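1. Mind looking at a prediction? Sequence and model below.
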There are 4 protein chains.
Amino acid sequence: MDKLSIGIIGAGRIGRLHAEHLTRNGRADIRTISDVYLTDELKEWAAGLGIPNVTDNYKDIIEDPDIDAVFICSSTNTHVPFITEAARAGKHIFCEKPISLDYRQTAAALEEVKSAGVVLQTGFNRRFDHNFKRVRELVKAGRIGEPHLIKITSRDPAPPNHEYIKVSGGLFMDMAIHDFDMARYLSGSEVTEVYAQGAVLVDPVIGELGDIDTAIISLKFANGALGVIDNSRKAVYGYDQRVEVFGSEGSVGVQNDHPNTAEISTANGVIRDNPKYFFLERYHDAYIEETRQFIDCILNGNPVPVDGNDAFQAEKIAYAAKVSLLEGRPVKLSEIEVGVG
Amino acid sequence: MDKLSIGIIGAGRIGRLHAEHLTRNGRADIRTISDVYLTDELKEWAAGLGIPNVTDNYKDIIEDPDIDAVFICSSTNTHVPFITEAARAGKHIFCEKPISLDYRQTAAALEEVKSAGVVLQTGFNRRFDHNFKRVRELVKAGRIGEPHLIKITSRDPAPPNHEYIKVSGGLFMDMAIHDFDMARYLSGSEVTEVYAQGAVLVDPVIGELGDIDTAIISLKFANGALGVIDNSRKAVYGYDQRVEVFGSEGSVGVQNDHPNTAEISTANGVIRDNPKYFFLERYHDAYIEETRQFIDCILNGNPVPVDGNDAFQAEKIAYAAKVSLLEGRPVKLSEIEVGVG
Amino acid sequence: MDKLSIGIIGAGRIGRLHAEHLTRNGRADIRTISDVYLTDELKEWAAGLGIPNVTDNYKDIIEDPDIDAVFICSSTNTHVPFITEAARAGKHIFCEKPISLDYRQTAAALEEVKSAGVVLQTGFNRRFDHNFKRVRELVKAGRIGEPHLIKITSRDPAPPNHEYIKVSGGLFMDMAIHDFDMARYLSGSEVTEVYAQGAVLVDPVIGELGDIDTAIISLKFANGALGVIDNSRKAVYGYDQRVEVFGSEGSVGVQNDHPNTAEISTANGVIRDNPKYFFLERYHDAYIEETRQFIDCILNGNPVPVDGNDAFQAEKIAYAAKVSLLEGRPVKLSEIEVGVG
Amino acid sequence: MDKLSIGIIGAGRIGRLHAEHLTRNGRADIRTISDVYLTDELKEWAAGLGIPNVTDNYKDIIEDPDIDAVFICSSTNTHVPFITEAARAGKHIFCEKPISLDYRQTAAALEEVKSAGVVLQTGFNRRFDHNFKRVRELVKAGRIGEPHLIKITSRDPAPPNHEYIKVSGGLFMDMAIHDFDMARYLSGSEVTEVYAQGAVLVDPVIGELGDIDTAIISLKFANGALGVIDNSRKAVYGYDQRVEVFGSEGSVGVQNDHPNTAEISTANGVIRDNPKYFFLERYHDAYIEETRQFIDCILNGNPVPVDGNDAFQAEKIAYAAKVSLLEGRPVKLSEIEVGVG
């Protein structure tokens, strides 16, 4: 196989993002894109990218024998059934995170993937970020010795709308899930305990919807390290994405990316432009790289960089964090019994 | 009164540090310094600074009617009796932190101070640091809106010796106590809950002595904010002292001080010298400023910048952290009943 | 016209770079690429990009009535004849810098462009860099008041090979030409005087070839500002591209771009990765943007962002710098009489 | 000799600065301070510092057999006669820069110093700055290989008053003189050629007084390196003092010192406080260190860190810069014949 023939399920923001990157990748052909809302605008957009088929029926993708791989970019509640169907149809799968809001269902879907022997990659795009990747490289290379502390700051520029919050699974599942993955990725170790503090400080409606908008999440890792994640749904200065790994021989940290390096010195102080605004700007290259590696996986047989277990583990941590918040106590991951078979 | 006549109890490292700064302060005269170990070296050092009296009996200070104020720089277990005696003798008091390892004894000593109507200042020198002071100013001025997250990194370059650890009260009391004070200072709010994670990752002997060397401490504040402190007894790159306060309208953070701003670019990367090595270098100016303000307090009737209650509150938090670590659960400060009368 | 039909003359590094970017631009079609060395490798590369025609005769481009615009990426000595022929054939022109080593010939070519009424854009890619563009914006917006000092640091990671130096026109023409353009761009003013100091400190062979490898070039501007450029052909830490504009109300400067923001703190100091290695990495996005704007110019009638006069002026400054170096004296631009008609 | 007995001639800003530092140095006693304006305020200030004698006659210092060393902090035009008299009286001398506005007179004064066999140190305080000292150390240690480019930025926050400019000798002599010294210090080489561009962009009255307020000064060094200094009399954001030395194996640069490291991120960008305002703040520690080393020189026989020749050479460069500016041409230092005997 020279080129991968791809179907994309879901033409929302993230589906279109992947589509645009895939059309610029010389080793991929998008054959079909499906969305339940089949608008003229969508057809036009698809035509502009040279995508030959647009449909409102995802089965046109699953059942197309000429399609090798499926990108599942539809709403979270569809991920498990679509993974199951795609796996049974022998398609390789790229699925956005989280796979589901219930880690047990995720486990079941991963069983299907395993049986089918197809590749599944999860959309933890931050692993492909130039900054975080460099931290991981340095940690892995032993440059900071044994990791002792893992610190993650992850703040959005503005909260999502209330409709989204109702169905998203809450801050731990829709936002911190990336940070749980990052904690495992950077430390190279599994999380064994979670203690989550939450607060509603940004928008009281978020609280009324049963969610929080501010959190500090303490972690323990199997290798003995400790960790902490801090989250906010609203950083007025923009997307705040920093990490630090401190160890026996040193520490490595990354700062935010800025759109430029200009510094203005005036009578009122030294000023620079805010960090890149949000994930589309900050993780632009990471999105491209994750699809490139997915294609590589399949065409060249490279190992999957972020597999189903990575999704499953992050979901379990999110679940434990929720329990911790509700019960006001640290929760051991071992309290949660189901594993991936 | 034009000049303050001062006696210093304890001529160890910190007692001598204060002595040296006080001799350069035009509004203070050190009349006597006492230490249980009255060596020739000490006498010589005192003579060099022009201190007229050196004694091995602290009572020579307490009972001297010509002495206005006492610096208590002796070992922690002597603080409460010396405060009590000094207060009863009508001396103003500067006492190193912590006042005691038992917040109830601290409360009792503070009652004595209150009855005597003397000034007591606690040695939380970091409040006088140029960086942290600036953060507090900006938070107080509302520049970041309402505080949502308070983050404190506090790591020593090397652990103290084992003898010290045996009597110090442990990491929470001998080291994090400064951070507990900083948490209250930066947030302008009281801590209401503590959850402490601890680990022995630096030196197993520290564990055998019943202490930890690595910690992540989650905090809740009365104003709704959340906080986190991370500690290590050994940062190989030097003293690491950073804070960040994130709020509804922005965030303010400080980085470490470095001995110079030189950056060397070579084929192997861009390199700069490590942060200032330890507290003597980093807080040099803060130590001078805290004694200057203590003198100001008494001579000019300024309010005490760090009073006995500040010591008491930090000790209560340290105690709660210890309980949290031992019992593996978040501990509310309200569980600890005794207050300062 | 919806899409621009493009021919590229010269399939060396820079010609291929433009080709790759143009194939990803939805508003351009590369119809033909020509190179005097028509290898199988070139044919394969062109096929991979979907370029239908490859030829060793540039006239196949000039004479093709279906081609709207020509990218001239061949060696400098061919620029003037190719511009002339392309202009006469009514093609719009994107020409790499410099247009020629003799500003009088450049002037003549620009007369042809003017007569033909076609668009000509010059390859001063740095004007499209995110950092420098931001500096220009801030200067133009008056954020630093009136410009007083313009400082440009421009150092290559390694010298070009000796063959290149023989024909390049020397450091002022092959390297500093970009800085001369930047000086005009950032200041918004013309250079009126140049004093160039040069030295051979990197490689004696460069001196034997009649060139220099290190330079400091002082400038005066028509608006009264002063400027300085420093150049080296060999910065062992990588490409060094920084500018600063200082004015009556403040100053704005940019630092280098780095591949990531990771900082490692170890016992040996704080280290970060070197700046992006060379122009391909550093100006990647700027190259894309300059071709995008060229297409916009023609399809939408936008003004040319870097026109022929910009090339001409930079070449005149380079010439004056050479005279200054040879004669050891400041040279006024007014000594050089020819202008663009 | 245990302690140095010192007389200070001139009780202006810089004389008082030295006095305050000397009173805190355990190895110095100020015996007398003289000033032509003998006010009550001066007497009070001196009493506060414990200086026993205040006089309006500098001869009370020169002729006092109990005084070992003289600090000459009076106006520039008195330096040469006071050095001469002090040297003849066998006093060691600390003299503020410049020694005179005429390098030939400086040479004559230095002859007197030589004959008398006394120590003379010049007030080039910046050599004792933590940043610049570190650059020099790194250059000297070969960390950047052979120096190729020396760059110095030196801008004052505000111009001096017009009266000062009338007698100061102009920008090159009153301000850039420090930078000329820094150029020699950092490069470890002598300046051989100067080309100075000047402009009046800050205040037209400065131009009417025959001076400039903005300059770019190109330098050549005996070791083949090139250099450039940029000056402005008015940087609205504060004192701007940066240097960079670029060499065959790397580069080392320093940024400004700031009063704190706080960075505020708001919706309007990331802001930090301006650099330390002016020389009193920025070079505070350097002033202390230069007097400490002067005392060391005499008491311990250490070599003089900045001697008379350093003053002489910087004055010659300033003179050459003035000639260059007036004649609009590069000036070789060899054109200036007189040397120090």
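-> Cool, got the structure.
2. CA atoms for contacts and neighbours, from now on please.
-> OK.
3. and whatever residue of the stretch 1-150 of chain A ends up closest to chain C, how far is that from A:Gly253?
-> Per Cα to the nearest Cα, A:Asn131 is where the stretch 1-150 of chain A lies closest to chain C, at 5.0 Å. Distance of A:Asn131 to A:Gly253, given as Cα to Cα, to the nearest Å: 9 Å.
4. Equivalent analysis for A:Ile217, please.
-> Using Cα to Cα, A:Ile217 is found at 19 Å from A:Gly253.
5. same check, this time on A:Asn77
-> According to Cα to Cα, A:Asn77 stands 36 Å off from A:Gly253.
6. which of the two has more neighbours?
-> Neighbours per residue (other Cα atoms under 10 Å in any protein chain shown) separate A:Asn77 from A:Gly253, with A:Gly253 holding more: 21 against 15.
7. Quick check: beta-bridge partners of that one?
-> Note on A:Gly253: beta-bridge partners by DSSP bridges are A:Glu244, C:Glu263.
8. and it, what is it in contact with?
-> By Cα atoms under 8 Å, 6 or more residues apart in numbering or on different chains, A:Gly253 lies in contact with A:135, A:242-245, C:261-264.
9. which stretches of the stretch 1-150 of chain A form helices?
-> Ranges of helices within the stretch 1-150 of chain A are A:13-23, A:40-49, A:59-62, A:79-88, A:103-116, A:130-140, based on DSSP state H, counting those that start in this stretch.
10. B:Val304 versus A:Thr106, what's the distance?
-> With distances taken as Cα to Cα, A:Thr106 is found 59 Å from B:Val304.
11. Which of these two has more residues huddled nearby?
-> Set A:Thr106 next to B:Val304 and count neighbours by other Cα under 10 Å: A:Thr106 wins out with 24 against 17.
12. what angle sits between the helix or strand harbouring A:Ser324 and helix A:103-116?
-> Assigned by DSSP states H and E, A:Ser324 belongs to helix A:308-327. Taking axes from the mean of the first three to the mean of the last three Cα atoms, to 10 degrees, helix A:308-327 and helix A:103-116 form an angle of 170 degrees between their directions.
13. Extract the C-alpha set from helix A:308-327 and format it as PDB.
-> Taking Å, rounded to 0.1, in the frame of the first residue of the first chain, the C-alpha atoms of helix A:308-327 are listed here in PDB:
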ATOM      1  CA  GLY A 308      -6.200   2.500  23.100                       C
ATOM      2  CA  ASN A 309      -4.800   1.700  26.400                       C
ATOM      3  CA  ASP A 310      -3.600   5.300  26.700                       C
ATOM      4  CA  ALA A 311      -7.200   6.400  26.200                       C
ATOM      5  CA  PHE A 312      -8.500   3.900  28.700                       C
ATOM      6  CA  GLN A 313      -6.000   4.800  31.400                       C
ATOM      7  CA  ALA A 314      -6.700   8.500  31.100                       C
ATOM      8  CA  GLU A 315     -10.400   7.800  31.300                       C
ATOM      9  CA  LYS A 316      -9.900   5.800  34.500                       C
ATOM     10  CA  ILE A 317      -7.900   8.600  36.000                       C
ATOM     11  CA  ALA A 318     -10.700  11.100  35.100                       C
ATOM     12  CA  TYR A 319     -13.200   8.800  36.700                       C
ATOM     13  CA  ALA A 320     -11.100   8.500  39.800                       C
ATOM     14  CA  ALA A 321     -10.800  12.300  40.000                       C
ATOM     15  CA  LYS A 322     -14.600  12.600  39.800                       C
ATOM     16  CA  VAL A 323     -15.000  10.200  42.600                       C
ATOM     17  CA  SER A 324     -12.400  12.000  44.600                       C
ATOM     18  CA  LEU A 325     -14.100  15.300  44.100                       C
ATOM     19  CA  LEU A 326     -17.500  14.000  45.000                       C
ATOM     20  CA  GLU A 327     -16.300  12.000  48.100                       C
END
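14. tell me which residues of that helix are tucked away?
-> A:308-325 (16 or more other Cα atoms under 10 Å in any protein chain shown).
15. so where do the strands sit in the stretch 101-250 of chain A?
-> For the stretch 101-250 of chain A, strands defined by DSSP state E, counting those that start in this stretch occupy the ranges A:120-122, A:147-155, A:191-199, A:214-221, A:226-232, A:240-247, A:250-254.
16. could these be laid out in CSV, adding mean pLDDT?
-> Formatted as CSV, these follow (pLDDT from 0 to 100):
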stretch, mean pLDDT
strand A:120-122, 98
strand A:147-155, 98
strand A:191-199, 98
strand A:214-221, 98
strand A:226-232, 98
strand A:240-247, 98
strand A:250-254, 98
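17. Turn the ones you listed into CSV, including distance to A:Arg24.
-> Output for those, formatted as CSV (distance: least, Cα to Cα, whole Å):
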stretch, distance to A:Arg24
strand A:120-122, 20
strand A:147-155, 30
strand A:191-199, 37
strand A:214-221, 38
strand A:226-232, 34
strand A:240-247, 27
strand A:250-254, 29
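18. which bits of the stretch 51-200 of chain A sit near chain C?
-> Within reach of chain C by Cα under 8 Å from any Cα of the partner chain, the stretch 51-200 of chain A has these residues: A:130-131, A:134-135, A:144.
19. Any chance of TSV for the residues you listed, columns neighbour count?
-> Below are those laid out as TSV (neighbours: other Cα atoms under 10 Å in any protein chain shown):
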residue	neighbour count
A:His130	17
A:Asn131	24
A:Arg134	23
A:Val135	28
A:Ile144	24
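20. Turn those into CSV, columns for pLDDT and distance to A:Arg292.
-> Putting these into CSV (pLDDT from 0 to 100; distance: Cα to Cα, whole Å) gives the following:
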residue, pLDDT, distance to A:Arg292
A:His130, 98, 15
A:Asn131, 98, 18
A:Arg134, 98, 18
A:Val135, 98, 21
A:Ile144, 98, 30
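21. Please tell me how far the residue lying closest to A:Lys234 once chain neighbours are set aside sits from D:Arg127.
-> Distance criterion Cα to Cα, 6 or more residues apart in numbering or on different chains; nearest residue to A:Lys234, sequence neighbours excluded, is A:Ala158 at 4.4 Å. Separation of A:Ala158 from D:Arg127 (Cα to Cα): 50 Å.
22. more neighbours, these two?
-> Each of A:Ala158 and D:Arg127 has its neighbours counted (other Cα under 10 Å); D:Arg127 has more, 24 against 17.
23. ok, the more buried one touching D:Arg134?
-> No: applying Cα atoms under 8 Å, one finds D:Arg127 not in contact with D:Arg134, separated by 9.8 Å.
24. State the pLDDT value of the residue nearest the centre of chain A.
-> Of all residues in chain A, the one closest to the mean position by Cα atoms, centre = their mean is A:Phe124, 3.2 Å from it. In this prediction, A:Phe124 carries a pLDDT score of 97.
25. Please apply the same query to A:Ile83.
-> Reported pLDDT for A:Ile83: 98.
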